[in-house]
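Asks: next come a sequence and a model predicted from it.
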Amino acid sequence: MSGTEPPSRRRLSLRSPPSREQLTYAARYLALATALNAVWELAQLPLYAIWAESPPRDSLLAAVHCTAGDLLISAATLALAIVVGGRNWPRENFSRVLAAAVGLGIAYTVFSEWLNVDLRGSWAYTPAMPRLPWIGTGLAPLAQWLVVPAAALWALHACRPAH
């Protein structure tokens, strides 16, 4: 591909910088996903031990901390999803990038929950947290990484300007 092609025909690669359209779309995705993750983190707080065992201020700080982590996870999973399947994303390969971003988010969640609940004891679930029987991952964080990235990407895709 030559460098004289219009931005709409450029392919995303590790050798060429992303287009303005790609950066704008990614920034909007991260903003929307972060807002949705903040709501999710607050809603699922009663399923974690910190809610019952600590002052409300600690629970709120935990939700803010986790939302910041969610932003980093969202950025990393979107970047990897674009590299794996996102040529001309977001105009093309939308479904492939969405599936990869959701899959990577779920994979990271299963690992992170196992590491932080079972190995490190960084946080704990209450008995109210439904868990996957064979690995013990909480269903609320698993559902978060299924619903939030998919909802945010679909919402932006549905609202994109026609080309």
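Replies: Thanks, I have it.
Asks: low-scoring stretches of this structure, by residue?
Replies: 1-15, 161-163 (pLDDT under 70).
Asks: contacts only, for the one residue sitting closest to the centre of the chain.
Replies: By Cα atoms, centre = their mean, the chain has its centre lying nearest to Ser74, at 3.4 Å. Taking Cβ atoms under 8 Å, 6 or more residues apart in numbering, we find Ser74 in contact with 29-30, 33-34, 37, 105, 148-149. Where C-beta positions appear, they are placed from N, C-alpha and C, glycine not excepted.
Asks: would you map the helices across this protein?
Replies: Along the chain, counting by DSSP state H, helices occupy 20-44, 49-53, 56-85, 94-113, 139-158.
Asks: how close does the nearest residue to Glu41 once chain neighbours are set aside sit to Asn93?
Replies: Excluding its sequence neighbours, the residue lying closest to Glu41 (Cβ to Cβ, 6 or more residues apart in numbering) is Ala63, at 4.3 Å. The gap separating Ala63 from Asn93 is 34 Å, by Cβ to Cβ, to the nearest Å.
Asks: which one's more surrounded, those two?
Replies: Ala63 (22 against 19; other Cβ atoms under 10 Å).
Asks: shouldn't the more buried one be in contact with Tyr48?
Replies: No - contact between Ala63 and Tyr48 fails when scored by Cβ atoms under 8 Å: they sit 9.6 Å apart.
Asks: any residues in contact with both of those two?
Replies: By Cβ under 8 Å, 6+ apart, no residue touches both Ala63 and Tyr48.
Asks: mind checking the backbone torsions on Pro18?
Replies: Per-residue torsions, Pro18: phi -70, psi 150 (degrees, to the nearest 10).
Asks: again but with Trp123, I slipped
Replies: Dihedral angles (degrees, to the nearest 10) for Trp123: phi -150, psi 170.
Asks: no further queries at this time; thank you.
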